[in-house]
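**Student:** the amino acid sequence is not available; the structure is as follows:
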């Protein structure tokens, strides 16, 4: 553990940029911090403090311009920022998962600029949970008419034998239903299947699980790179948690019980077979993925939607026929958005919010401006302990600790000031979470 003088600002910046965890002076007490975009450094802070993962860390930025990159900015946030920043006011707002982003086209390559966060628990498109993200080779999607092998997934032309194995209407020649029916009744049966699930879909939208609410908050209103998602969307006799129609991506969120239930597993396999035969790809995530790695889940979904839109063969039949391509213009790919400075898990709360402050402290102002990225700034104490104002006390606490910071910036004994006021901003509503130095008018 290094002891650094406060005046050696460039040395401190080098430590933070290299992924180190540093204790430094703030306007209230000594703070524990790191690069807020460095996941391993953020994880180390949680270990040092003995802090649980559902209590996020706040960040300090040098100015309003950087704050706008990470918060979904609105008039209320702007009014508070203009009045109280820089100063001892921390604002908790909705994290903007789209920012900061740079447009980085793949240029036809397979690996250019891919920066997806890995998912340790996901089982993608029916995989074995090993985190693979390749799209499977898909059978022809839903079509109007056709015969032979194409009839396996047709809507109106009836096939024979195995052709009927995915027939909803039960044309009588196979073992399982399909989205097809003899003659002109095909459309009617499609509509019947859709309307049979209508009331259930409406009920599911009202009774979302916590994980579904969190993920939907990141998908709705075209927040994810301009992609439009539907919630609890009916596809034949099935209901998808979330659906992106252009790429034919289905996103499912399940709990641990679901994954371990054999009956659910059998139903999922039948459902998966039906949907994949009709050109859909299923992405399945565990609740834990959403709670602990929301940004990684969103990155993963965006990457796979983008990949399928770039390759029409993943959505359309490999051969000719009357199957329609769902994307209005499959050659027009969404640009792959490469994240620059994405905030680490533990900085972004499970509910998709982040706490940001622009400090008036001269040391923090200098540090954050030269650093050029958000800086984690949490109190340099163990969980449940009081604030620390003396650098020598910190040295005694951490010199023999199993989990210790990489460096302590020695600024002597700090004056005891009130902590910052913390407010949450939801739309135009301001809620005071902690009353501190700043009093909101």
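**Tutor:** It's in. Everything numeric in this text was worked out from a predicted model, so none of it was measured. Residues are numbered from 1 along each chain as shown.

**Student:** pLDDT on whichever helix or strand residue 91 is part of, on average?
**Tutor:** Using DSSP states H and E, the secondary-structure element containing residue 91 is strand 89-94. For strand 89-94, the mean per-residue pLDDT is 95.

**Student:** what lines up beside it in the sheet?
**Tutor:** When sheet partners are counted by DSSP bridges, strand 89-94 sits next to strand 353-358 (antiparallel), strand 421-426 (parallel).

**Student:** run through the chain and note the low-pLDDT ranges.
**Tutor:** Regions of the chain meeting the criterion pLDDT under 70 cover residues 53-54, 97-206, 256-264, 312-341, 383.

**Student:** mind listing the helices for it?
**Tutor:** Taking DSSP state H as the criterion, the chain carries its helices at 9-17, 39-49, 64-70, 75-84, 185-196, 198-206, 210-219, 256-260, 262-277, 287-292, 294-310, 362-371, 391-398.

**Student:** so which of these comes closest to residue 250?
**Tutor:** Proximity to residue 250 (C-beta to C-beta) singles out helix 262-277 among these, at 6.5 Å. In short, each C-beta sits where N, CA and C put it, glycine included.

**Student:** number of residues surrounding residue 267?
**Tutor:** A total of 12 residues lie near residue 267 under the criterion other C-beta atoms under 10 Å.

**Student:** and it, how close does it get to residue 231?
**Tutor:** Counting by C-beta to C-beta, to the nearest Å, the gap from residue 267 to residue 231 is 21 Å.

**Student:** now residue 427
**Tutor:** Applying C-beta to C-beta, the value for residue 427 to residue 231 is 20 Å.

**Student:** cool, residue 356 as well?
**Tutor:** 29 Å.

**Student:** cool, and residue 268?
**Tutor:** Taken as C-beta to C-beta, the spacing of residue 268 relative to residue 231 amounts to 20 Å.

**Student:** deepest-packed of the strands paired with strand 89-94, please.
**Tutor:** A comparison of the strands paired with strand 89-94 by mean neighbour count, using mean count of other C-beta atoms under 10 Å, puts strand 353-358 on top with a mean of 24.

**Student:** who touches that one?
**Tutor:** Contact with strand 353-358 is made by 56-64, 67, 70-71, 81, 85-95, 343, 347-349, 374, 377, 420, 422, 424, as judged by C-beta atoms under 8 Å, 6 or more residues apart in numbering.

**Student:** buried by neighbour count, from those residues: which ones?
**Tutor:** Among the contacts of strand 353-358, those classed as buried by neighbour count (16 or more other C-beta atoms under 10 Å) are 56-62, 64, 67, 70-71, 81, 85-95, 343, 347-349, 374, 377, 420, 422, 424.

**Student:** could you dump the strands paired with strand 89-94 to CSV with distance to residue 300?
**Tutor:** Converted to CSV, the strands paired with strand 89-94 look like this (distance: least, C-beta to C-beta, whole Å):
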stretch, distance to residue 300
strand 353-358, 20
strand 421-426, 27
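
**Student:** looking at these, which is closest to residue 400?
**Tutor:** Shortest distance between residue 400 and the strands paired with strand 89-94, using C-beta to C-beta, is found for strand 353-358: 31.7 Å.
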